[in-house]
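Student: Can you look at this prediction? I've put the sequence above it.
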Amino acid sequence: MARLRMITIASDRRVTCFSLAFRHHFLLVASLLSDSFLSQIRSLSALVMASCGSSSTKEVPLGIDPAMEETYVSQSKLLKEFTSIASIDKAWIFKPDSGGKGSQAMFSISQTNLLANKRRKQILSAHISKETDHSVNFQWAPFPVEMTGVSIMVPSASGSKLLVIRNSENESPTQFEIWSPSQLEKEFHVPQSVHGSIYSDGWFEGISWNSDETLIAYVAEEPSPSKPTFGGSGYKKGDSADKESGTWKGQGEWEEDWGETYFGKRQPALFVINIESGEVRAVEGISKSLSVGQVVWAPLAEGLSQYLVFVGWTSEPRKLGIKYCYNRSCALYAVRAPFSESKAKELQPKSNVNEDSDLVNLTPSISSAFFPRFSPDGKFLVFLSAKSSVDSGAHSATDSLHRIDWPTDGKSCPSANIVDVIPVVMCAEDGCFPGLYCSSFLSNPWLSDGCTMILSSVWHSTQVILSVDVLSGSVSHVNPNDSGFSWNVLSLDGDNIVAVCSSPVDIPEIKYGCLAEKTTTSYSWSWLDVSSPIARYSEKIRSLLSSLQFSIMKIPVKDVSNCLTKGSREPFEAIFVSSNKKNDTCDPLIVVLHGGPHSVSLSSFSKNLAFLSSLGYNLLIVNYSQCEKLGKLLFTMVELGNFFPEAHWDLVRKHCNLFQGKSGPRDVNDVLTAIDHVIGMGLCDPSKIAVVGGSHGGFLTSHLIGQAPDKFAVAALRNPVCNLALMVGTSDIPDWCFVEAYGSQGKTSFTETPSSEQLTLLHSKSPVSHIHKVKTPALFLLGAQDLRVPVSNGLHYAKALKEKGVEVKIIIFPNDVHAIERPQSDFESFLNIGVWFKKYC
């Protein structure tokens, strides 16, 4: 009994603990006692060791629910397998100079390297040959080549030279490498005093070889201006070396940048390098008020100087965020290139030229012009325009395609007449071409006839490949259109097409389109599967994806009596992903909401969404009717800025007051309608619905859990917009806040100094105005470097939810921007979404 009292005292923590040696001795003696007595001793001994903080006890990491730790383990292993799937980014195809059969291809692929927190870039080569039975054979290199430290890689048009650029991550020079097919031919190091890093962002980015492949034009950061120097006696006059003893550099005046993802980038400028000598020259004559990008060489014309054509974005009156924003005014310009003959005739249409320089504005009559491409014969210049976005304020509305004639006979004036090749589509009939929505062009998009372009464009909830005759304006659908898959053109092999296609349940695969028929008015292609080592993945992933299916649903609009236009009465779309196995009960549902709102979720493969599907969830990916890219003239687009020709603006102004500020009500209703639609079809258990969204999708998610508090079991929000009144003074796109709240009047109402009445309206249109009704457990994933929706927006809302007792979890990624796409952050983000949803749904 004395022994038992002593153990009891220990278990009550009235003594500190037993020593480990005493415990072992005690258990040895106790082994002589009865089994029941021994059992009691062991239980009490466990209590003792717990009170001692035994070294064998593991501490659960911060933020991980101990009850869910095994879920973290299992889900992280699965997510790791999805993360390791390679992506096909680009392709280049060349015909051999020897005139031999077949073509040479290079594919740029990338794969996540979680440990290094980077994307691993690789090049995989193949020889393409056509067989007598009309099949195609890809002979792949045995292994890919990793491109360590490579920022950009651009082959010359002939394929005989390859430019490799390595941007430094510090103040060291930028490295240029010129490769031949067999070896490194030239290497140049351009110091920071000449220019900073070269743009590789896909927007300002522009690298172009000239026709004889001796000069390369490119866009790089302008050299940093000198900053004030201070020493022991204060300010030092004049400039001094950075590392001069006893001095330091001050900050100087703040300079504006282009916002999200461009922090620290002041001025993209134009340069040309001679690859024979390594000499670099800045292109002169460009105003400092222009930020340049997307440069191409103009065709050589007898008697004319060599010119460069580029896109210029004005910084007047100020720079607003440009990432994802097609509503920033821009124009095409021509400027005389360095190294060209000084006595040659200049290109100067007098009405468009800057009197103080050789700079010529080629598109003064249109508010947007980008992606310039010259025809193979150099007779015309084709470009894309987002004038519908610029003129309305919508971030991404219907594009238009245009053409201008170019002088090839020594005349010094390109045509000022802009020809509309594909105009803005107002309201497409069901099944008809919905308009252009392009995010890129191939560097060489032309078929052999010299007037037909091949390009990728969004078509409702899919991406498709189109052929466009830029002389007649005719548009044809190229890829098979009966599968619901999304397609993207990678490169052209003569008149044949190399593309990639995928779906929410099918990883990307390479396809080869063989030209099957060519007439004077149209082309047609037959599509062949390409066996590729890029498409290999684990048997586990294969099994999981094979158990899934998807469909694109048409969701009828509720209350059509309130819709003033034909377009606004038409159904909107949602992508539904589910198990293909018959179950007696419905799997829980995740509602997925995209950002924008003027964007669209495509039926292409997403590793993260496939991961969530594989956890046993159905997905409802809603393209609510404010998605500009559905190609319909919804009247709610009018309020958010879909473009109308000038003749229609009176009609817009007459009715827009009826629909001002519907962002929130209309898209919330669309999402709830879509959910009710799948519930009515017996595809969803109403008690097991989760919702996830980022940016505007987070804005919509937080609106939903406030306006429909009993609808959702759990929510996850990535950098959500929660309070427009707070965001308007901190975001790189404050104008967006006004468009969200004021609709079509947002562009003209925008001001940097909103009144108290305007701030009140912004607050009333925000999710925070419904916060008192929220009770849904919410996970917040926030990027601390986000300039689009600063971290304070979501953090303030999350803290307010905590204050009112709502279950909240917050994860802040200190080095991430708006997209939260750094590999480790992306992985942790979706792992936590999966675990959070499993906990509540």
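Tutor: Here it is on my side, so go on.
Student: so where is the stretch 601-750 of the chain shaky, pLDDT-wise?
Tutor: Across the stretch 601-750 of the chain, the ranges flagged by pLDDT under 70 are 626-664.
Student: show me where it has strands.
Tutor: Assigned by DSSP state E, counting those that start in this stretch, the stretch 601-750 of the chain shows strands spanning 618-623, 689-694, 714-718.
Student: Which one, of those strands, ends up nearest to C432?
Tutor: Across the strands of the stretch 601-750 of the chain, C432 has its closest neighbour in strand 618-623 (18.0 Å, C-beta to C-beta). Using the backbone N, CA and C atoms, a C-beta is placed for each residue, glycine as well.
Student: between the closest one and strand 689-694, how big is the angle?
Tutor: Strand 618-623 and strand 689-694 are oriented at 40 degrees to each other (axes from the mean of the first three to the mean of the last three C-alpha atoms, to 10 degrees).
Student: circling back: for the strands of the stretch 601-750 of the chain, which one sits closest to R318?
Tutor: Closest to R318 of the strands of the stretch 601-750 of the chain is strand 689-694 (C-beta to C-beta; 26.5 Å).
Student: how close does W254 sit to K809?
Tutor: Taking C-beta to C-beta, to the nearest Å as the measure, W254 falls 36 Å from K809.
Student: For S197, which non-adjacent residue is closest in space?
Tutor: Spatial nearest neighbour of S197, chain neighbours left out: N167 (4.2 Å); criterion: C-beta to C-beta, 6 or more residues apart in numbering.
Student: Quick check: which ranges of this structure have low pLDDT?
Tutor: Using pLDDT under 70, the chain drops low at 1-58, 97-100, 239-243, 341-357, 410-413, 415, 560-568, 626-664.
Student: Make JSON lines out of the strands of the stretch 601-750 of the chain and add distance to L455 and mean neighbour count.
Tutor: Formatted as JSON lines, these follow (distance: least, C-beta to C-beta, whole Å; neighbours: other C-beta atoms under 10 Å):
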{"stretch": "strand 618-623", "distance to L455": "21", "mean neighbour count": "26"}
{"stretch": "strand 689-694", "distance to L455": "28", "mean neighbour count": "26"}
{"stretch": "strand 714-718", "distance to L455": "30", "mean neighbour count": "27"}
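Student: between W254 and K809, which one's more packed in?
Tutor: K809 (18 against 6; other C-beta atoms under 10 Å).
Student: Tell me, how many residues neighbour the closest residue to V714 other than its chain neighbours?
Tutor: Leaving aside its chain neighbours, V714 sits nearest to Y840 (3.8 Å; criterion: C-beta to C-beta, 6+ apart). Neighbours of Y840 under the rule other C-beta under 10 Å: 16.
Student: In contact with Y840: list those residues for me.
Tutor: Counting by C-beta atoms under 8 Å, 6 or more residues apart in numbering, Y840 touches A690, A713, V714, P777.
Student: Dihedrals phi and psi, the last one?
Tutor: I take that to be P777. When read as degrees, to the nearest 10, the backbone of P777 gives phi -60, psi 130.
Student: returning to that earlier point: ok, which pair from the contacts of Y840 is furthest apart?
Tutor: A690 and P777 (9.8 Å).
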